[in-house]
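S.K.: Sharing a model prediction with you, sequence too.
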Amino acid sequence: MKKIIFTLHLLLIMSIGANALTFNKVVTGIVKDSKTKAILAGVRVAAVPPPHVRMKMISAITDSKGKFSLSVPDFITTISFDRKGYAAQQVAITISKPMIVSLVAQKEEQMVALKLEQVNSVMRIEAKDLHEMSGMATNQVLKGKVAGLSIRGYNFNKVEGSQMYNTESYTGITENRFLTAKQNPLSTFGIDVDAASYSNIRRYVNNGNLPPVDAVRIEEMVNYFTYQYPQPKSNDPFSVNTEISKAPWNQQHKLVRIGLQGRKVAVENLPSSNLVFLIDVSGSMNQANKLPLVKSSMKLLVDQLREKDKVAIVVYAGAAGLVLPATSGDKKQTIKNALDALESGGSTAGGEGIKLAYKIALENFVKGGNNRVILASDGDFNIGVSSDGEMQRLIEEKRESGVFLTVLGYGMGNYKDSKMETIANKGNGNYAYIDNLTEARKVLVNEFGGTLFTIAKDVKLQIEFNPTKVQSYRLIGYENRLLNKEDFNNDKKDAGDLGSGHTVTALYEIIPTGVKSKFNESVDDLKYQSNAAISKSGGDELFTVKLRYKQPDHGSSKLIEKAVKDSNTDWENTSGDFRFAASVAAYGMLLRNSEFLQDTSYDKVIAWAKSGLGQDEEGYRNEFLQLVKTSALLSKEKMATKVIAD
């Protein structure tokens, strides 16, 4: 095979350093509980280097079926297994067959005792040691974590190579409040099919930490899961579905679920694809869960392509360059070879990469086809167009070209969720966070059509509540998707897109008329106009759902309208999907320490979720249960640490 040399002012992309590692061994296996024999998801599996050998961490996380796959250098003979609630252990590698590893659960009191000892150890650090350590990070204030514990007043976050290096950023979220239906009858927002927040939360919890509050976007958590809504029967690209019951956390309130089901198009009937892989190969991507995982993810996608599809590869580091021109989807090995050749290094000119990717996409534009840029990055752009505002304006300009966008986030420590979300929201795009190969398979294989093929764009919802039935209401989540009521009829206003087979779910909590609540907020009567009389024409209607959407290649929208009658269905008689979606929303409120929690606890979330597990063929809902249980334990540890620190 001829060796292809690319001279793109990016030689560092293609070169391998003298001390680079060669990964010749692949270790696979499954991890179980030693007593119950239950599979264990979220176990960190890491290579253990020999004494006196320094190397970057090589690790993986077990998937929802407890399985792992880890590529390691030849000199690695031992790997470690670590998960909250279990005793860590090191095991000698076996290559001949998959490893079966059993972890021993620790009793809760043992874990608290261990945590107390860690706190005491931290408190015994001498002042001179702190001074020496703080000298490692010039002009930095030491704060963050030592042995997994929060320390006030100090910060190691800027020490390169340290596991404490953390500059992740998230856009601030102010939770939606209850609004009175009489004075605010309309609730307007754009749909959100993104699910990045959930997989990012999973990464935090599986690594033994609760996520930052602003990393928790409840609508993305709810929409991570699929629900059994019926396929559309009309010519519209989606069906509109509703369900109403008592709110599980407050029996005097009601919970409303509004669900959209996108029409599922068979893969063989999907239009031709013109894809551009835009891959970040800067120095910040030089970690096992970044560029190597990107390559593996993209190879999964390549395996789904057909002869009529084509792929180009654009990379960026200090500059941007074309690595692979548009290539037919049946030349899978050629595409994979180009991916394998990529190496990381240098700064991050993300803006230049985006410009080149859209240029290549337009040069190969397929009329009536699926034209899309797929960006894979940690979002850490540091030269050229880098601010959120500049990036937003660039993406808004490019979205008018008819090229759609998929954003795939990778890595941790310097992950820029705020930037990745902005790019996806403003670019007719969707956004997923890939924390392991199992998630890559979910997004790029199992949900192939939904991720890459748009069936409706700029989808907006406007709910009009009947004030004779509704005293006040609260939209749970969607804070960064809210629209002004005037935006609903404005076809120039951008909103979310819906892919083939995708589901979208929105939840409202309602306080019925006549119910006293601490969340009811009164407003003085107006001086210059009288309070209009409330119409009784609504009858038994609780609200009306109005939707607007555009065909992917059209500029004008179509209106759908559906009136929904009130219902007094008991919680126990609701669908399993309704109960499960409610449990996910409640979990999000716990993570956010929401003021709207009411009668919610981790134990209740677990009970609600168990009642809505259903068949769960892929195991995602059972994985959610484990995540909630781990979060409950982490929350207890956090409280114990806080008590001691105070």
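M.R.: Received, thanks. Numbering: from 1, shown residues only.

S.K.: Neighbours of residue 90, how many?
M.R.: 11 (other CB atoms under 10 Å). The C-beta positions use only the backbone N, C-alpha and C, and glycine is treated the same way.

S.K.: mind checking the SS state of it?
M.R.: strand (DSSP: H, G, I helix; E, B strand; the rest coil).

S.K.: Please name the bridge partners of it.
M.R.: residue 80 (DSSP bridges).

S.K.: was I right about it contacting residue 80?
M.R.: Yes. Counting by CB atoms under 8 Å, residue 90 touches residue 80, with 4.8 Å between them.

S.K.: which residues are in contact with both of the two?
M.R.: Counting by CB atoms under 8 Å, 6 or more residues apart in numbering, the contacts common to residue 90 and residue 80 are residue 48.

S.K.: What residues of stretch 272-279 count as buried?
M.R.: 272, 273, 274, 275, 276, 277, 278, 279 (16 or more other CB atoms under 10 Å).

S.K.: how much space between the fourth one and residue 438?
M.R.: Applying CB to CB, to the nearest Å, one obtains 22 Å for the distance of residue 275 from residue 438.

S.K.: immediately after the helix or strand of the chain with the lowest mean pLDDT, which helix or strand?
M.R.: In the chain, no helix or strand scores lower on mean pLDDT, DSSP states H and E than strand 149-151, which sits at a mean of 28. For strand 149-151, the following helix or strand on the C-terminal side (DSSP states H and E) is strand 179-180.

S.K.: Name the next helix or strand downstream of that following strand, please.
M.R.: strand 186-190.

S.K.: So which elements touch that following strand?
M.R.: Counting contacts by 3 or more CB pairs under 8 Å, 6 or more residues apart in numbering; DSSP states H and E, strand 186-190 packs against strand 454-465, strand 470-476.

S.K.: how much does the first one deviate in direction from strand 186-190?
M.R.: Yep, that's strand 454-465 we're talking about. 160 degrees (axes from the mean of the first three to the mean of the last three CA atoms, to 10 degrees).

S.K.: switch to numbering from 37
M.R.: In the new numbering, first residue 37, that becomes strand 490-501.

S.K.: Next, the angle strand 506-512 makes with strand 490-501.
M.R.: Counting by the same axes, to 10 degrees, strand 490-501 points 150 degrees away from the direction of strand 506-512.

S.K.: Can you work out which other helices and strands pack against strand 490-501?
M.R.: Strand 490-501 packs on strand 222-226, strand 286-298, strand 532-535, strand 539-548, strand 577-586, going by 3+ CB pairs under 8 Å, 6+ apart.

S.K.: try 6 Å this time
M.R.: For strand 490-501, the helices and strands in contact under the criterion 3 or more CB pairs under 6 Å, 6 or more residues apart in numbering; DSSP states H and E are strand 222-226, strand 532-535, strand 577-586.

S.K.: possible to save these as CSV with mean neighbour count and distance to residue 623?
M.R.: Converted to CSV, the helices and strands packed on strand 490-501 look like this (neighbours: other CB atoms under 10 Å; distance: least, CB to CB, whole Å):
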stretch, mean neighbour count, distance to residue 623
strand 222-226, 21, 21
strand 532-535, 25, 23
strand 577-586, 21, 26
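
S.K.: Out of those, the one nearest residue 130 is which?
M.R.: Using CB to CB as the measure, strand 532-535 is the one of the helices and strands packed on strand 490-501 that comes nearest residue 130, at 41.8 Å.

S.K.: hmm, who's touching the closest one?
M.R.: 226, 227, 228, 298, 464, 486, 489, 490, 491, 492, 493, 495 (CB atoms under 6 Å, 6 or more residues apart in numbering).

S.K.: residues near the second one, how many?
M.R.: Right, the one you point to is residue 227. Around residue 227 sit 26 other residues, with neighbours defined as other CB under 10 Å.

S.K.: Tell me who's in contact with the nearest residue to residue 494 once chain neighbours are set aside.
M.R.: Spatial nearest neighbour of residue 494, excluding adjacent residues (CB to CB, 6 or more residues apart in numbering): residue 531 at 4.5 Å. By CB under 6 Å, 6+ apart, the contact list for residue 531 reads 226, 494, 495, 496.

S.K.: can we see that at 10 Å?
M.R.: 224-228, 461, 464, 493-497, 517, 519, 523-524, 584-586, 593 (CB atoms under 10 Å, 6 or more residues apart in numbering).

S.K.: quick one: it from residue 495, how far?
M.R.: 6 Å.

S.K.: Residue 655 now?
M.R.: With distances taken as CB to CB, residue 655 is found 29 Å from residue 495.

S.K.: Neighbour count: these two, which is higher?
M.R.: Per other CB under 10 Å, whichever of residue 655 and residue 495 has more neighbours is residue 495, with 24 against 16.

S.K.: Thought residue 540 was touching that one, still the case?
M.R.: Yes. Using CB atoms under 10 Å, residue 495 is in contact with residue 540, at 7.8 Å.

S.K.: anything in contact with each of these two?
M.R.: In contact with both residue 495 and residue 540: 227, 228, 229, 274, 296, 298, 532, 534, using CB under 10 Å, 6+ apart.

S.K.: Now the element after the helix or strand where residue 625 lies, going C-ward?
M.R.: In this assignment (DSSP H and E), residue 625 forms part of helix 612-628. Next helix or strand after helix 612-628 toward the C-terminus (DSSP H and E): helix 638-646.

S.K.: name the helices or strands packed onto that next one?
M.R.: helix 612-628, helix 656-681 (3 or more CB pairs under 10 Å, 6 or more residues apart in numbering; DSSP states H and E).

S.K.: Of these, which is nearest residue 70?
M.R.: Of these, nearest to residue 70 by CB to CB is helix 656-681, at 16.5 Å.

S.K.: quick one: contacts for the closest residue in space to residue 322 that isn't next to it in sequence?
M.R.: Distances taken as CB to CB, 6+ apart place residue 380 nearest to residue 322, at 4.2 Å, with adjacent residues excluded. Residue 380 sits next to 48-49, 315-323, 326-328, 330, 351, 353 when contact means CB under 10 Å, 6+ apart.

S.K.: Those, buried ones only, as a ChimeraX selection?
M.R.: Applying 16+ other CB under 10 Å to these leaves a buried subset, and the ChimeraX line that selects it is:
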select :48,49,315,316,317,318,320,321,322,323,326,327,328,330,351,353
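
S.K.: In strands, which of the contacts of residue 380 appear?
M.R.: 315, 316, 351 (DSSP state E).

S.K.: got a list of what the second one touches?
M.R.: I take that to be residue 316. Counted by CB under 10 Å, 6+ apart, residue 316 has contacts 326-327, 330, 351-353, 380, 384-386, 389, 411-417, 446-447.

S.K.: what residue is smack in the middle of this protein?
M.R.: residue 232 (1.1 Å; CA atoms, centre = their mean).

S.K.: any idea how far the residue nearest to residue 322 lies from residue 328?
M.R.: Per CB to CB, residue 380 is found 9 Å from residue 328.

S.K.: Same question for residue 646.
M.R.: 37 Å.

S.K.: Can you give me the neighbour number for residue 370?
M.R.: Neighbour count for residue 370, taken as other CB under 10 Å: 13.

S.K.: excluding its backbone neighbours, what's nearest it?
M.R.: Among residues not flanking residue 370 along the chain, residue 363 sits closest, at 5.9 Å (CB to CB, 6+ apart).

S.K.: Please consider this matter closed, and thank you.
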